[in-house]
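Enquirer: Need coordinates for the following:
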Amino acid sequence: MFDTPRRSLLEFHPGLWICYLLPVLCAIAFVGYFAVDVPSFDQWVLPGLFEKTATGNLTFADLFALHNTHRILFPRLIFIGLGFLSQWNIKAELYFSLGLAIISFLGLYKLSVLANGVTHIYLFHLANLLTCILFFSLNQEWLWGFQIPIFLINFCLIFAVLIFMPSPLNHHYKFLIAAGLCAIASFSSAQGLVSWLAVIPSLISLPGNATQQRKRSLIWLLLFLLSCGLYAIGYQREPLSITLSGWERVYTFIHFWLNVLAAPIVQSPQISWLLGLVILIFFLYLLYYHSGKYWKFQTFLDASPWISLGIFSLLTSLLMSWGRVDLGANYPLTAVRYTSHSTLLLIAIVYLSIQWISEKYPSFNLPIPTLIYSFICGVLCCLVWVSSGNAIARVQTNLFYSQTAQTCLYLFPYLDSQSTFFQNSPQRCLLPLSRSTWWIQEGVESLQNIGFRNFADQLQFTDHPELNYGYIDFPINTNSPQVIQSSESLTLRGWAILPDRDQQPQLVFLSKDDQQLFFASAYVNLYSPDLADILQSDRYQQSRWTTTLPPESLPPGETQIKAWVYDPDKHQFVRLNGKVIVQITQL
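Expert: Sure, this is the predicted structure:
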């Protein structure tokens, strides 16, 4: 299948394994270290599906239903399968996404062999190594199980393009397999519909006379229109969160789009749009150059898969910008999980560029273009390095809150989810799970009904522990109640420890009177060097807590507030010393 120069590209020096494996291993280590088995935000739509599946009430309408503006039929099937295999361990979803990404990269590597147009081994491996670094750059997408639709679409697109490359497989089978992959992508998320259009350059690279080409293209477009028609059934767009004026909307749209293109490597509001513009212009030039080679079949065949990937990335970024522009131009710089498809544009540029160099300088006697290309690759690697470092810093900061959310979810049966605090307070430990507490409550009920995940049950409340687990030290404990009006907030402070071990509590829970149900919580993460000195242990360096109860958190009249910590080893709640008596008066 390959000529002699292409066979030489398949010679894989053992030392290269380290270079190729390092980005993959970094992504695996990133997931292994920072992943927390706790669902968040959109994932709370899944418990209802699990319950319907377990009770035999799942229908096709449930699978086909809109999720926001997306039809995630095939991801729903995957979520259900992984949920029942793992009792909804979120890490199963993360490693499934990682597996899809690894297989997708192998598909890209195979494409680089079949559609390279490059005969120099240095450029070949430089492009593939840079692709590996870009593809496995570290960001928050690896830590959210609901990214499966994005990884699945990338997987389907890459292999739809790959299937059109020269091979002994019959052209009709190639067409059917590629169409099936695009159908899966289409009903994985809205941007998957774009795959039908993006794959057209690879489709027309199939050998055949003019009649065969027209017939294939016509059927392909009809399948695309059919997918759009099915998608439109009962379609409703989400209401706009912000209303922008005409020109303001156009400006924000363009700014948003350019930021999306640059977001995989730079998240700076000052320069991202400019870098996005450079990326766009560079790709459009390469697209113009290689499209002019259409009548040189082998040359266009080599470029067509990368053109398809680049067009897909451009179109999906346009679609995303149209749907999310009301969130602000800089939104893709903070929500980088929406920019996974943009990486494919950079990868397309990487391969189209080396094809351009190989065609312009086939003898490889002039090293200047290669040196420039190598320098740009080095700059991209540095940008990925910085971006990954920033991602690690952000995730490290959020890790504490993800872990406390996991504890909070486990103890959910002991939380009063209807309390004002757990409904509205920005300090509530449920916030990393979802902004809507009722969503969590419904999900927990479904999970308990089918026995998924473990939730606390029959825990002991120890009111008078032998050891000192901490204090409520503000307001100062007095026998007379603190008198406040119902419209006023109340701030509580104290410290909490687990005195007989290295592991320290993450949360303090507050109860009313003698209730064994908590109406509020507080994070135990404030610096307390004074406690560390007094108790002579550095493990108490961050043992202070504070929380503010919003107005109307307490009923009228007198209420006694107690504070508790959860002891996971002894499976009990232990009360802190002190109490606060509050007298709530009406206006």
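Enquirer: what's the span of stretch 39-56, first residue to last?
Expert: 24 Å (Cα to Cα, to the nearest Å).
Enquirer: Show the contacting residues for the residue most central in space within the chain.
Expert: The structure's the chain has its C-alpha centroid closest to Glu141; by Cα atoms, centre = their mean the separation is 2.8 Å. Shown in contact with Glu141 (Cβ atoms under 8 Å, 6 or more residues apart in numbering): Ser97, Gln147, Ile150, Val336, Arg337, Ser340. (Glycine included, C-beta is placed from N, CA and C.)
Enquirer: wouldn't the fifth one be in contact with Gln140 here?
Expert: Yes. Using Cβ atoms under 8 Å as the test, Arg337 is close enough to Gln140 to be in contact (5.5 Å).
Enquirer: Not counting sequence-adjacent ones, nearest residue to the residue nearest to the centre of the chain?
Expert: Distances taken as Cβ to Cβ, 6 or more residues apart in numbering place Arg337 nearest to Glu141, at 4.4 Å, with adjacent residues excluded.
Enquirer: What distance do you get for the one you found to Arg324?
Expert: 12 Å (Cβ to Cβ, to the nearest Å).
Enquirer: picking that back up, would you check which pair of the contacts of Glu141 lies furthest apart?
Expert: Ser97 and Val336 (14.7 Å; Cβ to Cβ).
Enquirer: And the contacts of stretch 337-347?
Expert: 108, 131, 134-135, 137, 139-141, 144, 147, 150-151, 153-154, 157, 191, 260-265, 279, 283, 306, 309-310, 312-314, 316-317, 320, 324, 331-332, 380.
Enquirer: try 6 Å this time
Expert: The contact list for stretch 337-347, computed with Cβ atoms under 6 Å, 6 or more residues apart in numbering, reads 131, 134, 140-141, 144, 150, 260-261, 263-264, 309-310, 313, 316-317, 332.
Enquirer: May I see the ChimeraX selection of the buried members of those residues?
Expert: A single ChimeraX command selects the buried members of the contacts of stretch 337-347 (16 or more other Cβ atoms under 10 Å):
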select :131,134,140,141,144,150,260,261,263,264,309,310,313,316,317,332
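Enquirer: shaky segments in this structure?
Expert: Across the chain, the ranges flagged by pLDDT under 70 are 1-14, 116-119, 238-245, 293-300, 338, 362-366, 477-478, 587.
Enquirer: Surely Gly192 and Ser186 touch.
Expert: Yes. Counting by Cβ atoms under 6 Å, Gly192 does reach Ser186; the two are 4.5 Å apart.
Enquirer: So between the two, which is more surrounded?
Expert: Gly192 (30 against 27; other Cβ atoms under 10 Å).
Enquirer: Helix, strand, or coil at that one?
Expert: helix (DSSP: H, G, I helix; E, B strand; the rest coil).
Enquirer: give me every residue that touches it.
Expert: Contact partners of Gly192, counting by Cβ under 6 Å, 6+ apart, are Ile153, Ala185, Ser186.
Enquirer: before we move on, what about Gln427?
Expert: So Gln427 contacts Thr547 (Cβ under 6 Å, 6+ apart).
Enquirer: So between Ser97 and Val336, which is more surrounded?
Expert: Neighbour count, other Cβ under 10 Å: between Ser97 and Val336, Ser97 has more, with 26 against 21.
Enquirer: closest to Val199 among the contacts of stretch 337-347?
Expert: Looking across the contacts of stretch 337-347 and measuring by Cβ to Cβ, the closest to Val199 is Leu309, at 9.7 Å.
Enquirer: Assess the claim that the closest one and Ile349 are in contact.
Expert: No. In this structure, Leu309 is not within contact of Ile349 by Cβ under 6 Å, at 9.7 Å.
Enquirer: anything in contact with each of those two?
Expert: Overlap of the contact sets of Leu309 and Ile349 (by Cβ under 6 Å, 6+ apart) is empty.
Enquirer: now the strands: where do they sit in the stretch 401-550 of the chain?
Expert: 460-462, 470-474, 482-485, 490-496, 507-512, 518-526, 544-549 (DSSP state E, counting those that start in this stretch).
Enquirer: With mean neighbour count added, can I get those strands in a markdown table?
Expert: A markdown table is the format used below for the strands of the stretch 401-550 of the chain (neighbours: other Cβ atoms under 10 Å):
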| stretch | mean neighbour count |
| --- | --- |
| strand 460-462 | 13 |
| strand 470-474 | 19 |
| strand 482-485 | 13 |
| strand 490-496 | 20 |
| strand 507-512 | 22 |
| strand 518-526 | 22 |
| strand 544-549 | 21 |
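Enquirer: Please tabulate those in JSON lines, including the columns distance to Phe84.
Expert: Formatted as JSON lines, the strands of the stretch 401-550 of the chain follow (distance: least, Cβ to Cβ, whole Å):
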{"stretch": "strand 460-462", "distance to Phe84": "33"}
{"stretch": "strand 470-474", "distance to Phe84": "41"}
{"stretch": "strand 482-485", "distance to Phe84": "50"}
{"stretch": "strand 490-496", "distance to Phe84": "38"}
{"stretch": "strand 507-512", "distance to Phe84": "31"}
{"stretch": "strand 518-526", "distance to Phe84": "32"}
{"stretch": "strand 544-549", "distance to Phe84": "38"}
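Enquirer: closest one to Leu58 among those?
Expert: Nearest of the strands of the stretch 401-550 of the chain to Leu58, taken as Cβ to Cβ: strand 518-526 at 34.6 Å.
Enquirer: other SSEs contacting that closest one?
Expert: strand 507-512, strand 544-549 (3 or more Cβ pairs under 6 Å, 6 or more residues apart in numbering; DSSP states H and E).
Enquirer: The ones you listed into TSV, with extra columns for distance to Gln423?
Expert: Formatted as TSV, these follow (distance: least, Cβ to Cβ, whole Å):
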stretch	distance to Gln423
strand 507-512	15
strand 544-549	12
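Enquirer: Between those, which one is closest to Glu466.
Expert: Nearest to Glu466, of all the helices and strands packed on strand 518-526, is strand 507-512, at 19.5 Å by Cβ to Cβ.
Enquirer: Contacts for that closest one, please.
Expert: 404, 429, 496, 518, 520-522, 524, 545, 559, 561-565.
Enquirer: Please export the alpha-carbon coordinates of that strand; PDB is fine.
Expert: The C-alpha trace of strand 507-512 is given here as PDB (Å, rounded to 0.1, in the frame of the first residue of the first chain):
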ATOM      1  CA  LEU A 507     -17.000  20.300  57.100                       C
ATOM      2  CA  VAL A 508     -18.900  21.400  60.200                       C
ATOM      3  CA  PHE A 509     -22.600  20.800  60.200                       C
ATOM      4  CA  LEU A 510     -25.100  22.900  62.200                       C
ATOM      5  CA  SER A 511     -28.300  21.600  63.800                       C
ATOM      6  CA  LYS A 512     -31.300  23.100  65.600                       C
END
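Enquirer: Just checking the distance from it to the centre of its chain.
Expert: 32 Å (Cα atoms, centre = their mean, to the nearest Å).
Enquirer: swap in stretch 495-504?
Expert: 33 Å.
Enquirer: CA atoms of it as PDB?
Expert: Output of stretch 495-504 as PDB, limited to C-alpha atoms (Å, rounded to 0.1, in the frame of the first residue of the first chain):
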ATOM      1  CA  TRP A 495     -12.600  25.500  65.000                       C
ATOM      2  CA  ALA A 496     -12.900  21.700  64.500                       C
ATOM      3  CA  ILE A 497     -10.500  18.800  64.500                       C
ATOM      4  CA  LEU A 498     -10.300  15.000  64.600                       C
ATOM      5  CA  PRO A 499      -8.000  14.800  67.600                       C
ATOM      6  CA  ASP A 500      -6.700  11.200  67.300                       C
ATOM      7  CA  ARG A 501      -5.600  11.000  63.600                       C
ATOM      8  CA  ASP A 502      -3.900  12.900  60.800                       C
ATOM      9  CA  GLN A 503      -7.000  13.100  58.700                       C
ATOM     10  CA  GLN A 504      -8.900  16.300  59.600                       C
END
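Enquirer: Appreciated, that's everything.
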